[in-house]
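Undergrad: Sequence plus predicted model, see below.
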Amino acid sequence: NKTLFVDCFSPSRKWYADGKRHTVDGALYNDHGYRKLAKYLTQAIFKTNKAKENLRQQINRAVMEKNFYWLNDFKVPNGVHVYGRRYNPFGPQNYPYEIEKTREYTDNRDKAIWSILAGKSFEVAAADKATSKLPEVPTNYLPPEKNGKNGFINYTPGPEAETKIQVAEGYKIELFADEKTFPDLANPVQVAFDNKGRLWVATMASYPHYRIGDPLPQDKLIIFEDTNNDGKADKQINFADDLHIPIGFEIAHDGVYVSQSGSVVFLQDTDGDDKYDTREVLLSGFDDHDTHHAISSFCADPSGAIIMCEGVLLHSHVETAFGPQRGSNGGFFRYDPRTRRLVRHAQFSIPNPWGVAVDEYGQELFLHTSGTKMSWMLPGMVKARYGANMQAPDLITSNQVRPTSGIEFVSSRHFPDEVQGDILINNNIGFLGAKQHKVIDQDPGFTTKYRHDLFVSRDLNFRPTDLEFAPDGSLYVVDWQNALIGHMQHNARDPNRDHSHGRIYRVTYPSRPLVKPAKIHGASIAELLKNLELPELRTRYRTRRELRGRDSEAVTNAVVEWSANKDERLQLEALWVTWGAGRLHQPLMKKLLKSSDHRIRAAAMNVLRFHFSSVPEGKELLTQAANDDHGRVRMTAAVTASYLPRRLGLEILASAEEHNTSGIYKQTYTYTREVLDRKPAEEDLKERKIAAPSHLSAKHKKLFVDGSEIYSREGHCITCHQGNGKGLPGSGFPPLAGTTWTVGNSDRLIKLTLKGLMGPIEVLGQKYPGQVPMTPFEHMLNDQEIASVLTYVRNSFGNKATPVETEDVARVRKEVKDFVGLYSPDALLKDHPLD
């Protein structure tokens with residue numbers, strides 16, 4: 001077709017002769033590769049070798065600055081509020097003006113570029129001053145007596161806030177650091193300890209996202225040290241201070257992997273001063289149009305691969321050397337730094353996961369925060385299909401709370417013997433603290449039993465977001481510390497959103513001695529292998545991390561020799577070390593696949609899952625696992641089958657199905673078969689197969705089915721009232737099932753749905769303080785959507801009532817349009833007494 005093109009392939013084959021690395025992962029160029037490509041393209045298109053070398057750096061800075069502002073227009077973080085389904089009710093207050101100003105800033109940088117090239121001056125700062133002014137944004141803040149999820153905008157100082165935290169009997173909590181002593185400790189979100197025993201914290205004062213006209217983002221990765229061992233931080237180092245929304249990070253042996261909304265970057269300190277010197281963008285294309293759902297809460301698996309959480313509403317598309325990886329709605333990505341391979345690790349019908357914890361045998365548990373649930377990862381690790389989201393059964397059997405953020409296994413000799421293996425879950429609305437549950441093995445997975453509240457605060461600004469055990473066995477907790485909480489419940493620019501407070505607390509058990517920290521950094525391989533015999537999960541976690549940075553051949557030889565006379569639990573540690581070194585010891589894996597302990601067999605089967613193609617006896621071993629006596633091993637085999645060629649995969653699946661296909665197995669096996677049969681994901685409503693009650697007319701059946709989808713949206717009804725309509729009494733959320741508030745007067749129900757509800761209320765004989773308000777849906781749902789969801793709740797959960805008509809919603813909306821604020825139950829009952 002006589003299409004003009006530039007041949008980049010032929011000359012690029014010669015570029016690699018310089019011996020330098022040109023790509024990030026074997027396919028996508030790094031800076032060095034792009035420089036060569038840019039030079040070649042310029043010469044090929046413009047037929048010139050001339051370059052103004054004296055202007056190169058100046059132009060580069062100007063272009064990069066322009067790119068920043070252009071990208072904040074073209075792909076603005078938090079776009080769901082800027083343009084999308086959550087634009088109303090707050091977006092009109094600020095975003096049209098921010099977009100206009102962003103484009104003015106971008107245009108100023110474009111003019112600066114051309115001025116530099118023309119040898120002229122252009123005062124960017126003066127031009128920026130002349131851009132349009134942003135209007136003041138009003139606050140919708142209400143004090144806690146009127147909106148129970150809010151705190152006080154007059155913040156309690158850290159030492160005083162410490163006294164408001166109650167701990168379980170025998171425990172002690174103390175303030176480790178706060179914003180008064182360390183002003184950079186603003187809005188901490190994740191915590192981790194490095195191999196030197198130092199505490200790292202990610203802060204993000206720019207949350208929800210950068211605002212045009214403000215200084216460029218200065219979110220941080222901070223290293224804190226307690227140099228005199230008095231339990232208080234006394235030294236701060238800013239490893240990075242130019243980040244933007246770092247809601248996930250993982251320390252590696254050679255640097256740090258950090259979430260930057262739509263990208264994962266690798267920061268490396270090359271000169272040993274504890275400040276990063278190089279920044280490499282490894283992956284891009286993660287969706288960040290809702291910044292509190294973007295990839296977050298990083299956690300390494302036993303091989304060192306990084307598990308990254310991702311929330312609902314997002315649709316990521318990441319180009320990699322192994323092909324594009326896509327995610328739809330809630331789920332997890334897994335990135336292997338050694339192979340630089342990204343995969344969609346699991347995909348669930350969940351709102352917003354904010355925490356993954358890995359147990360002693362490599363099993364992963366996770367939280368999804370807008371609900372109450374903690375779930376088991378394995379059943380959903382079937383090869384992901386775009387648009388197909390599996391259900392995630394809840395393991396929490398009592399004392400459910402929401403929203404949760406931060407999960408950690410108890411594994412510390414400093415804590416009592418009887419709590420070892422328990423799981424800790426933070427919560428930051430209503431109940432402000434951490435719930436502790438005993439984890440119980442239950443074929444094929446787990447269940448839990450509530451033990452106690454480890455800590456709970458009376459400081460209404462206390463928002464615990466993450467926690468991790470330290471090398472000395474104490475527990476560290478980061479406190480987001482914010483009066484306002486809720487991504488969609490307030491304007492992103494609400495003046496009462498806090499950008500300066502943050503706390504870190506330390507939990508101890510004084511009657512037991514602290515753990516002597518194991519030597520990790522600078523230890524010999526022999527010393528590191530000895531660490532693997534210690535009880536603490538986190539010590540072994542950090543030790544494996546250190547071993548991944550040592551000579552792989554030396555490590556593999558040493559660990560195989562070390563494990564020869566060890567028990568199978570320690571041999572599993574050895575197997576993981578060889579996996580992380582990229583030198584899997586197959587004889588050890590095969591031995592552990594025959595262990596008498598199902599937990600070890602399942603762990604070894606998971607290792608085989610990632611190495612199946614390189615194991616000659618892979619089919620035989622996988623068939624053996626598919627016929628195992630324990631369901632966890634069989635389920636791991638079925639998950640593995642979803643990644644295999646169709647005929648072999650179906651053969652393995654059929655073996656597993658000969659044993660048990662009911663309950664939790666059914667979904668995993670069904671999804672595996674659909675993957676192998678290349679069945680496309682159906683629309684959500686078809687997958688859900690919602691059957692409307694027979695007593696409804698055809699018109700109202702459609703409302704019912706539509707209402708089911710609306711009810712289940714993240715941040716809508718299901719968040720508080722749950723999928724069974726029973727609510728969460730422990731968190732102050734009343735039920736919808738069997739209550740006159742739901743099936744009684746429809747005008748009353750429409751009013752509270754439009755305007756929200758707050759205040760003391762009695763439902764089914766139980767009194768609720770009503771401190772946490774019901775979200776007003778006046779600007780979020782139209783008349784038909786409200787009619788649909790109310791028809792659904794009035795005819796679900798055992799309820800049977802007249803449907804709600806769209807015309808009635810329109811009428812009531814008009815009647816109450818001038819009403820400002822939230823309804824109180826008393827006010828509604830005055831106009832509409834209970835039937």
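TA: Received it, and whenever you're ready, just let me know what you need. Residues are numbered from 1 along each chain as shown.
Undergrad: In the stretch 701-835 of the chain, where is pLDDT below threshold?
TA: For the stretch 701-835 of the chain, applying pLDDT under 70 flags the ranges 714-715, 730-731, 771-772.
Undergrad: all helices for it, in order.
TA: Taking DSSP state H, counting those that start in this stretch as the criterion, the stretch 701-835 of the chain carries its helices at 717-721, 740-743, 746-755, 783-794, 806-815, 825-831.
Undergrad: what comes up buried for the last one?
TA: The one in question is helix 825-831. For helix 825-831, burial by neighbour count (16 or more other CB atoms under 10 Å) applies to P825, A827, L828. Yep, even glycine has a C-beta here, placed from its N, CA and C like the rest.
Undergrad: If you count contacts, what does it end up packed against?
TA: For helix 825-831, the elements it packs on are helix 746-755, judged by 3 or more CB pairs under 8 Å, 6 or more residues apart in numbering; DSSP states H and E.
Undergrad: Is it correct that S405 falls within a helix?
TA: No - assessed with DSSP: H, G, I helix; E, B strand; the rest coil, S405 is strand; it does not lie in a helix.
Undergrad: close enough to count as contact, it and D466?
TA: Yes - counting by CB atoms under 8 Å, S405 does reach D466; the two are 6.9 Å apart.
Undergrad: any residues in contact with both of the two?
TA: Residues within reach of S405 and of D466 at once, by CB atoms under 8 Å, 6 or more residues apart in numbering, are G355, N426.
Undergrad: how about CSV for the buried residues of helix 825-831, with distance to D498 added?
TA: Output for the buried residues of helix 825-831, formatted as CSV (distance: CB to CB, whole Å):
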residue, distance to D498
P825, 30
A827, 31
L828, 33
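Undergrad: which among the residues you listed gets closest to R340?
TA: P825 (56.3 Å; CB to CB).
Undergrad: my read: the closest one touches G759, true?
TA: Yes - if you go by CB under 8 Å, P825 and G759 touch, sitting 5.4 Å apart.
Undergrad: any common contacting residues for these two?
TA: Shared contacts of P825 and G759, counting by CB under 8 Å, 6+ apart, come down to G770.
Undergrad: Break this protein down into its domains, please.
TA: The chain breaks down into these domains under automatic domain parsing: 1-51, 54-134, 158-508, 584-676, 685-831.
Undergrad: Of these, give the one that comes closest to H521.
TA: Closest to H521 of those is domain 158-508 (CB to CB; 4.3 Å).
Undergrad: Can you give me the end-to-end span of the closest one?
TA: One end of domain 158-508 to the other measures 18 Å (CA to CA, to the nearest Å).
Undergrad: Please confirm that T270 is located within a helix.
TA: No - read with three-state DSSP, T270 is coil and lies in no helix.
Undergrad: Count the residues that sit near it.
TA: T270 has 10 neighbours, counted by other CB atoms under 10 Å.
Undergrad: what residues are up against the residue nearest to it when sequence neighbours are not counted?
TA: Once flanking residues are discounted, T270 sits nearest to D277: 4.4 Å by CB to CB, 6 or more residues apart in numbering. For D277, the contact set (CB under 8 Å, 6+ apart) comprises Q268, D269, T270, D271.
Undergrad: Just give me the closest of these to R340.
TA: Among those, Q268 lies closest to R340 (CB to CB), at 14.9 Å.
Undergrad: which residues touch the closest one?
TA: D254, G255, V256, Y276, D277, T278, R279, E280.
Undergrad: Widest-spaced pair of those residues?
TA: Greatest spatial distance in those: D254 and R279, 13.9 Å, computed using CB to CB.
Undergrad: Compare neighbour counts for the two and give me the winner.
TA: The residue with more neighbours, out of D254 and R279, is R279; 16 against 12, by other CB under 10 Å.
Undergrad: now, which of the contacts of Q268 sits nearest I485?
TA: The nearest one, if we look at the contacts of Q268 relative to I485 and count by CB to CB, is V256, at 27.4 Å.
Undergrad: pretty sure the closest one contacts E250?
TA: Yes - using CB under 8 Å, V256 makes contact with E250 at a distance of 7.1 Å.
Undergrad: Helix or strand with the lowest mean pLDDT in the protein?
TA: helix 684-688 (a mean of 42; mean pLDDT, DSSP states H and E).
Undergrad: just how off-centre is the longest helix that the chain contains within its chain?
TA: If each helix of the chain is counted by residues according to DSSP state H, the longest one is helix 95-117. With CA atoms, centre = their mean, to the nearest Å as the basis, helix 95-117 stands 33 Å off its chain's centre.
Undergrad: In that helix, which residues are buried?
TA: Going by neighbour count (16+ other CB under 10 Å), the buried part of helix 95-117 is 95, 97-99, 101-106, 108-109, 111-113, 116.
Undergrad: Against E65, how distant is Q58?
TA: Separation of Q58 from E65 (CB to CB, to the nearest Å): 11 Å.
Undergrad: who's more crowded, these two?
TA: E65 (18 against 14).
Undergrad: In contact with that one, which residues?
TA: Counted by CB under 8 Å, 6+ apart, E65 has contacts R109.
Undergrad: quick one: average pLDDT of the helix or strand encompassing it?
TA: Assigned by DSSP states H and E, E65 falls within helix 56-74. The pLDDT scores in helix 56-74 average 95.
Undergrad: which of the residues in it are buried?
TA: Neighbour counts over helix 56-74 (16+ other CB under 10 Å) mark A62, V63, E65, K66, F68, Y69, W70, N72, D73 as buried.
Undergrad: and of the residues you listed, the nearest to Y768?
TA: Taking CB to CB as the measure, N72 is the one of the buried residues of helix 56-74 closest to Y768, at 42.5 Å.
Undergrad: number of nearby residues for A118?
TA: A118 has 9 nearby residues by other CB under 10 Å.
Undergrad: scratch that, S375
TA: Residues lying near S375 (other CB under 10 Å) number 25.
Undergrad: That one pairs with what?
TA: On the basis of DSSP bridges, S375 is bridged to F366.
Undergrad: what's the spacing between it and Q43?
TA: Going from S375 to Q43 by CB to CB gives 55 Å.
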